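1. have a look at this prediction, sequence included:
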Amino acid sequence: MLRIRCPWCGTRDEVEFNFGGESHITRPGLDADDALWSDYLFNKENPRGVHYEHWLHKYGCGRWFNIARDTLTHEIHAVYAMGDPKPELVEKIAGD
Amino acid sequence: MTDTQKNRLETGGRIDRRKAVTFTFNGRKLQGCRGDTIASALLANGVSTVNRSFKYHRPRGVMSAGVEETNALLSVYDGQGDVPVVRSTMRALIDDHRIKSPGGFPNVNFDLGRMLDFTHRLWTAGFYNKIFKWPGWHWYEGMVRRMAGLGHLPAGEDSNRYFHHNLHCDLLIVGAGPAGLAAALSTVDSGARVVLVEQDHETGGSLLGCGATIDSVDSDLWINQTMAAIEDKPNLTVMTSSTVSGYYDHNMLTITDRSTPGVKRFWKVRAGQVLLTTGAIEQPLVFENNDRPGIMLANAAMEYVNRYAVRPADAMVVATNNDSAYRVAFTLDDHGIEVPAVVDARKTVPDEPADEARRRGIPVMPGSVVLNTHGNRALTGVRIGKLAADGKSVTPEGVDITCQGLAVSGGFNPTCHLFSQARGKLSYDTELACFRSDHGLQKVTVAGAANGKFSLSGALNNGAKAGAEAATRAGYTCTPTAISTTETEGYNLEAMRITPCGDSSRQWVDYMHDVTVADIQLAVRENFVSVEHLKRHTTTGMSADQGKTSNLNALTLLAELTGRPVEEVGTTTFRPQFMPVPMGAIAGQRHGDHYAPARLLPAHKWHVRYGAVFEDYGPWKRPEYYAIDGRDRETAIREEAIAVRREAGLFDASPLGKIELKGPDAGEFLNRIFVNNALTLKTGRIRYGLMLNENGIVMDDGVFARLAEDHYLLSTTSANADHFTDWLERWHQCEWPDLELIISAVTSQWAVVTLAGPASRAILQELESDIDFSAGVLPHMSIATGTFLGAPARVQRVSFTGEMSFEINIPALYAERVMKAMMIAGGSAFHVEPIGAEALMVLRTEKGYLHVGGDTDGTTNPMDVGFAGIVARKQADFVGKRSLLRAEDQREDRRQYVGVEPLNPNEELEPGAHFITGPEQGGRSQGMVTSACFSPTLERSIGMGLLESGFQRKGETVKVYDDGRSFEVRITDPVFYDPAGEKMNA
Amino acid sequence: MHDHKGWPAAWRSPELKKNYDVVIIGAGGHGLATAYYLAKKHAVKNIAVLDKGWLGGGNTGRNTQVTRSNYYWPQSAAFFDHSLKLYEGLGRELNFNVMLSQRGVLTLAHSVHDLEGMRRWANAIRINKVDAEILTPAEVKKLVPMINLDCRFPVHGGFIQRRAGISRHDAVAWGFARAASSLGVDIIQQCEVTGFNIQSGRVTGVNTTRGTVEAEKISFSVAGNTSHIAKMAGFRVPITSMQLQAMVSEPIKPCLHTVLTSSVIHMYVSQSDRGELVFGGGADVYNSYAQRGGIPLLQENVAALLELIPAFSRLRLMRQWAGITDITPDTTPLMGHTPVQNLYFSGGWGTGGYKAIPAGGDTMAYTIANDRPHPLICDFGLDRFESGKLVDEGAASGVAH
């Protein structure tokens, strides 16, 4: 069971949250060609390691936010607001 | 009844001789004492063969006194049925226990299955892959299946009660043996919230009855003093009869708590720090016929004597490769049990135990190993041989010793299962010849015997220190408590567990799965040389004990056979559960009504009174139809539908998703969500539209009403309501946070009572309201707010039936009152019929209205359902729009929404039939009938479907296939009823 | 037969050579089957299968062993039925008993509308020339007498594919490995690929922890690592990797004689020949490569199992684990060419790769040997995402999407 720190409500169990997938994806406009559109729509980073992703605190404050989570260890390295840039994580991860 | 306990010692032990417990074993009436486990009671009664082995049906006896038991897994009657695979070494004996051996046909003492043992050479590792190929596996499968399994599914109802609990603590100490108690003692006053969990019904672990001296007192007294010091402290909780069986992510652990009879509690623990003081498991020795009843782990033999006052045998040989078993020999000796020899694989025995043995007159045979054993259903003797100088063979001469018991010690292997579950890495310790915790990835420490500290002083001090350190890491000030003991036992293990000669097909490595040395040799010959391959090929360690006494020996053998050091061979990862957990405990209260709580309509009771038959629509219980005067489903649906067409029907639409959007950008937001234009909608008006996912697929349909310039009310399909709110929030918060609006789901705040039918306006006008229902003021697709029967109300004129229809939104509390009033108002002049969800479906099918999720699937885009014009007209971007520009989405031969009617009016259409070309089997589906009903209005079967190039094929005849039959249908427009919309707009 | 002493090494442990005609990355079922069919049917002699761990050690050895072909879309049904037919002859083909047990897969319906969706599905299956039979609740009860028809979402019926069933996953991997090895395929275990050599858009070899290897053609089938390997080759794939948990009870005598599945009371269960109940449910909802189980799904799966079969409540759960499933947006696999010339792949099998092993190997072998997709996998290419021509099996059953 993941324990996720909601930036507004504090640490809660995974079951209170909805997973929203990869963060920091730019939505192309209507002028995008098929290749760019399908890349946006379907292709995923899907890394073995740190994944920047958004979660909704569904059974809490109802806010979406970002976390940086290791997909191998499930360790959460950072929690940050929607719209914030990807945090620098080099040091923390090296220690794992 | 006379006492049957012929092997009960006169004195000692922690059992209560005054409290006799009677039980039956395979129908035989026996007696034990309070404090016994089932296993100790069986041993006290001199029962040697308690079960038969899995594959060869060999007689087996109790081999341990704890979790590692692989033989004495018995069936125990629980008042309803025989529960299989009960660990008799862990289960306290209670009155009237009915215990059975699951193995053995016709019985455990005489088993015809034993012929498998006499032909054992056929059934080596992987035999099922190599034989049984001809004429086919299905010829043999039934037989093989019937032979497997460790007992039967219990009959009768489960009378246990199961509960879930949650627990938060700073430090969870797992195991209340010497190390765990020392850790608890050290941390109890630190301020940290500490939980100490013990799977036994009492704390103490290996100290119980052991007679050691700690802090100058007897160990049993020390346990009591320690418990007295910690038990009542507010920050410390002790849980007994509770097994930590799972260690998951983020330091979450699960405990199965059996402390209340008839109740199993499943705890979820969120622990700041975890200290594993889980002890170690003694490993057996491998020699020919090492599985006979009477052969048990040395420490188990000692525990039976010390704790349960049981004489495991009159004469018991001790075989070891380390010092610890000497204490076992001396304990046996102290209690008058003859020890004919200590067989020690080591060439030289350290002075201390050797001298003591000499003093007691116990013969020690250094450099010796057990070659073979004698007996059948009970041990009668052992044959001992001397190791040659190279240690890899045995000198020819052997000596036979008569005995009824054999205590074996191959040294200890730390119980690191939980550590491994927590992603901790194990590494092989060449000095101790065992696997130890290396580095953990969670907030976990291992101490005591679990950390390779096998001596009592080592365990106590390591536990105290590790406990204090863990509490400190959790943020508390803590120092280890000093604990002294006079025990000075050495260990001095030599890693010799496997007798290097004899018939390897009779040397057991995994008792439970009947895996022998020969199986492992065969696996290696076949190149199954990785641990995973070995495990799977031989099934070593894959049975209910998960290899607690077999993995280490198997890995050692594998290393030897492949010429690699054990550390290179490695080990497999342990998975939860450490000890199997009753599935009822895991599910807890989640069954029946609690499996998925039903959502009830605000006027649920009203529907019940009207004879509603409820059906599950997603989480909702909704009236499917009303069985008024006992009418059947078909009649009810027809009569309800006709009532709407003739006069009026009352439908409870409360589950309809209701979402309010408010703010200066609410319109712009909706415009980006809907296929339709939201900005041009005038206040007070309603628009129907589609919502797509980003791939251009129709996700939902719904109507949105503009209540004010900056205020919209969105109605969505009931099934999607929850999901859809999240989805809107996501677009707002993640993609367009600059848009100023708030989104609020109000589905359960408002009840929706829909009155539909030609008489609906007249009925509403009878009732108290400040809303003008007249056609001029409130035309189709408009909304009015006001009060209705004293309640704040929003009235939407929308229709899903094709009739004039008013959706009255009132606060949920008013639902029943409003429905009642409408029935009464109608009753004076008109017939108002309550209608269920199925009649509504019939009415909307007649009208050709789309049912998203039924008439569409995950491939349907808006053009497929006739929205091409709307899509083309809208310039602005909306969710999914770009996907619609792909060539694939623009194709004209896509599956398109059409009406269907059978050519032969006697044929009945069913949803799920397919339009086909070619033969029924091997033909090609061109789409399917998505909705169908017998129309009470038209008095024939009609339906809708998705058909390739359907828009161009109206009037065509097409073949449909359905469940073994096929017939012809005509493709039509989907609107069968009132195509001009005169009724609806009235 | 005596003592089975006559059984030699199941496969060789050769040294890695400097070059091969075809290198296959991933010695799971798919990789081994591809190598086998390449050697057997296409006379390619110089083949290596590389694996960073042990053969059959990934999803092939962690799944719940279900084999079925009751698919909705014709292209899916054709492919998976080809696979089931190959399974039916696999024991003889490989001279290794894979213990195929065609005990049927029974899918339950829990409402009138669920039943309508099922009818749509079953009809499609039959048109696809695959067997499917719609059952009444009484017929369901006859097949699974312990079932609680009157559970929270009462059972309205179901449908069964009788030819479907289970087989022994390890035996499938070992059978293919053994047969491939004896045809000269080099299976190199403990050999991790660290990069590709790509020159002007064409792959020429791989770098591994055991050195560099040249190859005419390279293919990868590495469930749970597809994104990772694709990234090495410089392209992105529409895959999300998630944990799918499975769990087993302690073994008991035979009591369940079919594979039971439900998508409303979300779970599937069968009883292995050893007597264990093997069951699971939905995948975890977030990206993961962890191969461990968690608590929420454990509780959900067990609760679902007991809601349908309350008699299992006193049985004990022995073990839980997880495999990493590569989920594609339309739940249809990705097979065939990659943007890199001479580099092929097979992945995105989601929760159902095991049942596809023989057909996956057969069609990939054809594709590699002929440099054009096998007719059965034409619609499974990576290009479908750009064109929008998805094969959406998830959408097909008519359930909410």
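-> Sure, I can see it.
2. how many neighbours does A:A35 have?
-> 10 (other CB atoms under 10 Å in any protein chain shown). All C-beta atoms are positioned from the backbone trio N, CA, C, and that covers glycine.
3. now do C:A365
-> So C:A365, with other CB under 10 Å, has 26 neighbours.
4. could you look up the SS state of it?
-> helix (DSSP: H, G, I helix; E, B strand; the rest coil).
5. so which strand or helix has the closest residue to it other than its chain neighbours?
-> Spatially, and ignoring its direct neighbours in sequence, C:A365 is nearest to C:Y37 (3.6 Å; CB to CB, 6 or more residues apart in numbering or on different chains). According to DSSP states H and E, C:Y37 maps onto helix C:29-41.
6. with just CA atoms, put that helix into PDB.
-> Taking C-alpha atoms only, helix C:29-41 is exported to PDB below (Å, rounded to 0.1, in the frame of the first residue of the first chain):
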ATOM      1  CA  GLY C  29       7.800 -18.000 -23.800                       C
ATOM      2  CA  HIS C  30       7.500 -15.600 -26.800                       C
ATOM      3  CA  GLY C  31      11.200 -15.300 -27.400                       C
ATOM      4  CA  LEU C  32      11.800 -19.100 -27.100                       C
ATOM      5  CA  ALA C  33       8.800 -19.900 -29.300                       C
ATOM      6  CA  THR C  34      10.000 -17.400 -31.900                       C
ATOM      7  CA  ALA C  35      13.500 -19.000 -31.900                       C
ATOM      8  CA  TYR C  36      12.000 -22.500 -32.100                       C
ATOM      9  CA  TYR C  37       9.700 -21.700 -35.100                       C
ATOM     10  CA  LEU C  38      12.500 -19.800 -36.900                       C
ATOM     11  CA  ALA C  39      14.700 -22.900 -36.600                       C
ATOM     12  CA  LYS C  40      12.000 -25.400 -37.300                       C
ATOM     13  CA  LYS C  41       9.900 -23.800 -40.000                       C
END
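7. now do the buried residues in it.
-> Residues of helix C:29-41 classed as buried: C:G29, C:H30, C:G31, C:L32, C:A33, C:T34, C:A35, C:Y36, C:Y37, C:L38, C:A39, C:K40 (neighbour count, 16 or more other CB atoms under 10 Å in any protein chain shown).
8. alpha carbons of stretch B:81-98, in PDB - could you do that?
-> Below are the C-alpha coordinates for stretch B:81-98, written out as PDB (Å, rounded to 0.1, in the frame of the first residue of the first chain):
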ATOM      1  CA  GLY B  81     -16.600 -28.900   8.700                       C
ATOM      2  CA  ASP B  82     -13.100 -30.200   8.600                       C
ATOM      3  CA  VAL B  83     -10.700 -27.300   8.000                       C
ATOM      4  CA  PRO B  84      -7.600 -28.600   6.200                       C
ATOM      5  CA  VAL B  85      -3.900 -27.800   6.600                       C
ATOM      6  CA  VAL B  86      -4.100 -26.800  10.300                       C
ATOM      7  CA  ARG B  87      -0.600 -26.500  11.700                       C
ATOM      8  CA  SER B  88      -1.000 -28.800  14.700                       C
ATOM      9  CA  THR B  89       2.300 -27.500  16.200                       C
ATOM     10  CA  MET B  90       0.700 -24.000  16.400                       C
ATOM     11  CA  ARG B  91      -2.900 -24.800  17.300                       C
ATOM     12  CA  ALA B  92      -3.800 -24.900  21.000                       C
ATOM     13  CA  LEU B  93      -5.700 -28.000  21.900                       C
ATOM     14  CA  ILE B  94      -9.200 -27.400  23.000                       C
ATOM     15  CA  ASP B  95     -12.000 -29.700  24.400                       C
ATOM     16  CA  ASP B  96     -13.800 -31.900  21.800                       C
ATOM     17  CA  HIS B  97     -11.300 -31.100  19.000                       C
ATOM     18  CA  ARG B  98     -11.900 -33.600  16.300                       C
END
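9. which residues touch the residue nearest to C:A365?
-> Taking CB atoms under 8 Å, 6 or more residues apart in numbering or on different chains as the criterion, C:Y37 is in contact with C:G361, C:D362, C:M364, C:A365, C:Y366.
10. with C:Y36 instead?
-> C:F176, C:A179, C:A180, C:L183, C:V185, C:G361, C:A365.
11. next: B:A449.
-> B:A449 makes contacts with B:G177, B:A179, B:S206, B:G279, B:A280, B:F412, B:P414, B:T415, B:A459, as judged by CB under 8 Å, 6+ apart.
12. out of the residues you listed, flag the one nearest to A:W64.
-> Closest to A:W64 out of these is B:T415 (43.1 Å), distances taken as CB to CB.
13. what about that closest one, neighbour count?
-> Neighbours of B:T415 under the rule other CB under 10 Å: 25.
14. confidence score at it?
-> At B:T415, the model reports a pLDDT of 96.
15. need the contact partners of the longest helix anywhere in chain A.
-> If you go by DSSP state H, chain A has its longest helix at helix A:34-42. For helix A:34-42, contacts defined as CB under 8 Å, 6+ apart pick out A:25-28, A:32, B:694-695, B:882-883, B:886, C:236, C:238, C:329, C:385-388.
16. beyond that helix, next helix or strand please.
-> Using DSSP H and E, the first helix or strand after helix A:34-42 is strand A:50-56.
17. for the stretch 1-150 of chain B, what lies in contact range of chain C?
-> Contact residues, the stretch 1-150 of chain B versus chain C (CB under 8 Å from any CB of the partner chain): B:78, B:81, B:83-85, B:121-122, B:124, B:127-133, B:136-138, B:141-142, B:144-146, B:148-150.
18. doesn't C:A283 make contact with C:T351?
-> Yes. Taking contacts as CB atoms under 8 Å, C:T351 lies within contact range of C:A283: 6.5 Å.
19. overlap in contacts, these two.
-> Common neighbours of C:T351 and C:A283 (CB under 8 Å, 6+ apart) are C:L244, C:T325.
20. report the secondary structure state of the closest residue to chain B within the stretch 1-150 of chain C.
-> In the stretch 1-150 of chain C, the residue found nearest to chain B is C:R119; the distance is 3.0 Å by CB to the nearest CB. Of the three states, C:R119 takes helix under three-state DSSP.
21. could you do the one 4 residues further on as well?
-> Here C:N123 is recorded as helix under three-state DSSP.
22. surely it touches B:F915?
-> No. Using CB under 8 Å, C:N123 makes no contact with B:F915, being 10.4 Å away.
23. quick one, which of the two is more surrounded?
-> C:N123 (28 against 25).
24. excluding residues flanking it in the chain, which one is nearest that one?
-> Distances taken as CB to CB, 6+ apart place B:H914 nearest to C:N123, at 4.9 Å, with adjacent residues excluded.
25. test my guess that that neighbour contacts B:K959.
-> No. Using CB under 8 Å, B:H914 is not in contact with B:K959, being 9.3 Å away.
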